[in-house]
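Asks: Mind folding the following:
(one chain, ligands or ions: 1)
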Amino acid sequence: MSFDDLLTVNGQKMNCFREAALNLGLLQSDTYIEDTLEEAAVFQMPSSLRLLFATVLVHCTPTDPRLLWHKFEQQLCSDYQRSQELYHYSFTEIRNKVLKDISTLLEQMGKNIDDYHLVPNTLRAAYHEQLTKEIDSERNIEVLPEDLLLSFKLNTQQRHAYDLILHAISSSAGQSFFIDGPGGTGKTFLYRSLLATLRSQGHVAIAVATSGVAASVLPGGRTAHSRFKIPLDLSTNKTCQISKQGSVARLLFESKLILWDEASMAKRETIEAFDDFLKDIMESELPFGGKVIVFGGDFRQTLPVIEKASKRTLIDASLPNSPIWNKFHMLKLTENMRAILDPAFSEFLLRVGEGREPVDPQGQITLPNDIVIPYYEKEESLNRLIQSVFPDLLAYSNDPYTMINMCILTPKNSSVDELNDIMITRFPGNLHVYVSSDKTVDQRHQGDYEDFLNSQNPKGLPPHKLLLKENCPLILLRNLNPVEGLCNGTRLICRELRQHTICAEIAFGQHQGKRIFLPKIPLQTSDSERNGLPFIRTQFPVRLCFALTINKSQGQTLDYVRIYLREPVFSHGQLYVALSRAKASAAVKILIVPRTFGDIKVDCKTRNVVFEEIFQLTQH
Ligand SMILES: Nc1ncnc2c1ncn2[C@@H]1O[C@H](COP(=O)(O)OP(=O)(O)OP(=O)(O)O)[C@@H](O)[C@H]1O
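Replies: Below you'll find the model as predicted:
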């Protein structure tokens, strides 16, 4: 295919590729983006508006970003203008401050403001790239007073790890550690304590995690892929996309500690690529270039996510299968601090997680009676499950924070949808229905497939008809900006429903309470979708979240956990992740739909999938 072919749409040659893409429907026209910004501007929240502006630049690819900037500059600047009397900012100073804020937000999303040509080149100097900007922004991460106190509360094993790591840092002895701890043993607690101690002493400590949700729990946390620009697909290119002379390399060089949570979910090749990169910038053949680096994780929980991968592929892709594994100094945490008041439950969790809970000849484990909801008939049993976790929907609609620590977990998206559909009809309030626009990637097929696309409900995409009510719980489906707490998996409370925007509040974690605007975003199906017809759905990037898949719940502590096993779990660690979200057995209830109906109803047995080979590999 030639460049001319790419420029030609329906037999007509376009002036540029952007115009061709617009006519092909690959880009949206700017009208809906303008409507979105206009609607949000009414709320008078300029900092949230700047985040929305950056989000639409990155995710909605407007045709003329500069026009959008001119149209909304006034509203984007209004908080700085209000403080003008106090600080006597000039017009140019205000503009530069706002551009700098937008530039920072774009960088957090892995983009560069220069690519959007918002202002002429001559005006750009004030916020232009400086080699120390990454270091400066790491040094500006706020250290919370409560995090500084954590080091006084560490248990013996946490204290041992804390002392060893700080000793390696103070003696400049490069060392790589792996903190191996079952869910709830306080890995995150330890990381927060280390980060606070080092940052309060003026050192640079970098925090990353494999998933966005885990990153958002760490102060200043980013996903490893975005922080170190590691390509998601390493099959073609195995190197980090960072210049050795650039500001991120400078940051790594300067850092005293690099901390990587959920390393058990990272593919070994990702960590190997990072090892090579650090060796290169540090000009040292020592592991990780002689840096002090702390990985953490739990191999009882979910392993790397690889679509349709066999057990062998998953184990091969895991970190313990890498030559790097033997170089780690292993630190173990074993005391379950989440379930500290229920030691019998902690012990049960470990047996489930390590595949030590006895199985019957059908390969099923028997769950304790007190956590099982007896199964009678589907509707009645589901009602019991719902009633046991959400007994008073009117109270939750008035004060949604009372329900934010309650959730129904289930292995498959289809069961999540089943439950959320029931819940949104029962939840009080006016129903808003948002219908997506669905387009095939190849526009020639659009007419033939529209109804078919609308009927599709692919994983990772919002539904064609999104049914929402004010104060209902939501989950975000994209890593919009992990630094601002907006990750794939962030739980939100829906606060205001408008035509073009949703105003939502972050419900959980260090950004709890922050209000944000969400625009409709064009989202493409993933390559691995089975229906084989790639398409783009423009919709708010959220789903309801009365119920959640078990995989999405990883890393979260919940007060009340309900587990709905319409079908048994299907991958390593899922049952353990679901059960270990709770603090005690009294906080868990499970509904198992019996698979076959014989004379005896067996509703307390279920499959537990554990790849024991992974534990053999983790032994040093
Ligand atoms: N030393 C401690 N003193 C008091 N509470 C603690 C301590 N360590 C951990 N906790 C508490 O125990 C709970 C679980 O801790 P944390 O989330 O750090 O565990 P985790 O190992 O990261 O779990 P997961 O793997 O499931 O994410 C949290 O509520 C945390 O505040």
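
Asks: What's the per-residue pLDDT of the residue of the stretch 201-350 of the chain found nearest the ligand here?
Replies: Closest residue of the stretch 201-350 of the chain to the ligand, C-beta to the nearest ligand atom: Met337 (3.5 Å). For glycine as for every other residue, the C-beta is placed from the backbone atoms N, C-alpha and C. pLDDT, Met337: 90.

Asks: how about it, what does it touch?
Replies: 155, 184-186, 189 (C-beta atoms under 8 Å, 6 or more residues apart in numbering).

Asks: For this structure, which residues are neighbours of the ligand?
Replies: Residues of the chain found near the ligand (C-beta under 6 Å from any ligand atom) are 153-155, 158, 181, 183-189, 298, 337-338, 555, 557.

Asks: are any of these buried, and which?
Replies: Applying 16 or more other C-beta atoms under 10 Å to the residues of the chain next to the ligand, the neighbour count classes 154-155, 158, 181, 183-189, 298, 337-338, 555, 557 as buried.

Asks: Quick one: neighbours of Ile293, just the number.
Replies: 27 (other C-beta atoms under 10 Å).

Asks: Pretty sure it sits against Ala263.
Replies: No: under the criterion of C-beta atoms under 8 Å, Ile293 is not in contact with Ala263, lying 9.9 Å apart.

Asks: any idea how far the residue positioned nearest the centre of the chain is from Leu497?
Replies: A centroid search over the chain (C-alpha atoms, centre = their mean) returns Gly212, at 2.8 Å, as the residue closest to the centre. Gly212 sits at a distance of 24 Å from Leu497 (criterion: C-beta to C-beta, to the nearest Å).

Asks: swap in Lys100?
Replies: Distance from Lys100 to Leu497, by C-beta to C-beta: 32 Å.

Asks: ok, those two, which is more surrounded?
Replies: Between Lys100 and Leu497, counted using other C-beta under 10 Å, the more crowded position is Leu497 (19 against 14).

Asks: Now Leu259: phi and psi?
Replies: Backbone dihedrals for Leu259, given as degrees, to the nearest 10, come out at phi -120, psi 130.

Asks: Around it, how many other residues sit close by?
Replies: 27.

Asks: okay, the residue of the stretch 351-500 of the chain found nearest the ligand: pLDDT?
Replies: Closest contact between the stretch 351-500 of the chain and the ligand, by C-beta to the nearest ligand atom, is at Gly353 (10.6 Å). pLDDT for Gly353: 95.

Asks: and if you look at Cys16?
Replies: Cys16 is assigned a predicted lDDT (pLDDT) of 64.

Asks: again with His203
Replies: The model's pLDDT for His203 equals 95.

Asks: got the contact list for it?
Replies: Applying C-beta under 8 Å, 6+ apart, the residues near His203 are 169, 255-257.

Asks: how about the contacts of Met337, which pair is most distant?
Replies: Asn155 and Gly184 (12.2 Å; C-beta to C-beta).

Asks: Which residue ranges of the stretch 101-250 of the chain form strands?
Replies: Listed in chain order, the strands found in the stretch 101-250 of the chain under DSSP state E, counting those that start in this stretch are 176-180, 205-209, 222-223.

Asks: Just say which of those is most tucked in.
Replies: strand 205-209 (a mean of 26; mean count of other C-beta atoms under 10 Å).
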